[in-house]
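Undergrad: coordinates for the following, if possible.
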Amino acid sequence: MSNLGFQQFPEYQVPGVQQADFSPYESNGGSIVAIAGDDFVVIAADTRLSSGYNIHSRDQSKLFKLSDQTVLGSTGCWADTLSLTGLLKVRMQGYEHTHLRTMATDAVAQMLSITMYNRRFFPYYVSNILAGIDKDGKGVVYSYDPIGHCERAFYRAGGTAGTLLQPVLDNQIGHKNINLSSSELPKLTIERAVAIASDTFISAAERDIYTGDSVLINIITKDGIEEKKLQLRLD
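TA: Numbers count the residues shown, from 1 in each chain. Okay, here's the model as predicted:
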């Protein structure tokens, strides 16, 4: 762009001059929701993989099992997602071979933050949410920005429909803007967390063209990971 900013006005463009734009990034859509309880975590992501108005796949999982107690949900540029998750799995294998144990969820969260920060000058174009069971047996959720800043929380939404999903979680899980006393607030169970995650995606599928088809739900406990699938609208 010139100093005078004339490029944005077609009548000021020089005839015969062609300008080629190139972007190494592309958003392939997708949304993630994670809810942590006292001894469990529910993480869900839709299965639509698209570019603009073109749908490449209706059955693509965006949840990556890193260990028996840690799952990473990643959306955004699918090429960057595959590159990042492949690197994480290699590093976790190296850790396991060196220390003869599986990396804990807290350690995975720190490793992911460092890995993304190392690429801060050409960042991974992804929205990551890491969910798992920590060393104390409690459910944890970690959210990230593109350069690796990490925040620990009990619930988080991300992806193209993140701005639609987060207010629902603030209300139903964070109990914000609810006129109920602490004794009247419903207890967060696995069933309620799954129901809330399902309802948020049903609503998001009505308003976001990049979220739809179906939702994969992983329920993480100390005993392992249980998988569920919810069908959404296909259009």
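
Undergrad: what helices or strands is the longest helix anywhere in the chain leaning on?
TA: Taking DSSP state H as the criterion, the chain has its longest helix at helix 78-99. With contacts defined as 3 or more C-beta pairs under 8 Å, 6 or more residues apart in numbering; DSSP states H and E, helix 78-99 has these neighbours: strand 63-67, strand 70-76, helix 105-117, strand 126-133. Yep, even glycine has a C-beta here, placed from its N, CA and C like the rest.

Undergrad: pull out the buried residues from it.
TA: By 16 or more other C-beta atoms under 10 Å, the buried positions in helix 78-99 come out as 78, 80-81, 84-85, 88, 91-92, 95.

Undergrad: swap in stretch 23-43?
TA: Neighbour counts using 16+ other C-beta under 10 Å place 27-37, 40-43 of stretch 23-43 among the buried residues.

Undergrad: show me where this protein has helices.
TA: Ranges of helices in the chain, per DSSP H, are 78-99, 105-117, 162-172, 190-205.

Undergrad: how about the ones you listed in CSV, adding mean pLDDT and distance to residue 72?
TA: Converted to CSV, those look like this (pLDDT from 0 to 100; distance: least, C-beta to C-beta, whole Å):
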stretch, mean pLDDT, distance to residue 72
helix 78-99, 95, 6
helix 105-117, 96, 7
helix 162-172, 93, 16
helix 190-205, 94, 16
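
Undergrad: TSV please, covering those and showing distance to residue 149.
TA: Formatted as TSV, these follow (distance: least, C-beta to C-beta, whole Å):
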stretch	distance to residue 149
helix 78-99	15
helix 105-117	7
helix 162-172	16
helix 190-205	24
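
Undergrad: if we can go back for a sec, taking helix 105-117 as reference, get the angle to the longest helix of the chain.
TA: Relative orientation of helix 78-99 and helix 105-117, computed by axes from the mean of the first three to the mean of the last three C-alpha atoms, to 10 degrees: 130 degrees.

Undergrad: outside of helix 78-99 itself, list whatever touches it.
TA: For helix 78-99, the external contacting residues (C-beta atoms under 8 Å, 6 or more residues apart in numbering) are 25-26, 28, 49, 60, 62, 64, 66-67, 72, 74-75, 102-103, 107-108, 111-112, 115-116, 124-126, 128.

Undergrad: straight-line length of stretch 139-149, end to end?
TA: For stretch 139-149, the first-to-last residue distance is 20 Å (C-alpha to C-alpha, to the nearest Å).

Undergrad: whoops, I mixed them up, stretch 151-170
TA: Length of stretch 151-170, first residue to last, C-alpha to C-alpha: 16 Å.

Undergrad: one more: stretch 46-66?
TA: One end of stretch 46-66 sits 19 Å from the other (C-alpha to C-alpha).

Undergrad: now find how far off-centre it is within its chain.
TA: 12 Å (C-alpha atoms, centre = their mean, to the nearest Å).

Undergrad: mind listing what's buried along that stretch?
TA: Across stretch 46-66, burial judged by 16+ other C-beta under 10 Å covers 46-50, 55, 60-64, 66.

Undergrad: give me the spatial nearest neighbour of residue 160, chain neighbours excluded.
TA: Excluding the flanking residues, the one nearest residue 160 by C-beta to C-beta, 6 or more residues apart in numbering is residue 210, at 4.3 Å.

Undergrad: done for today, thanks.
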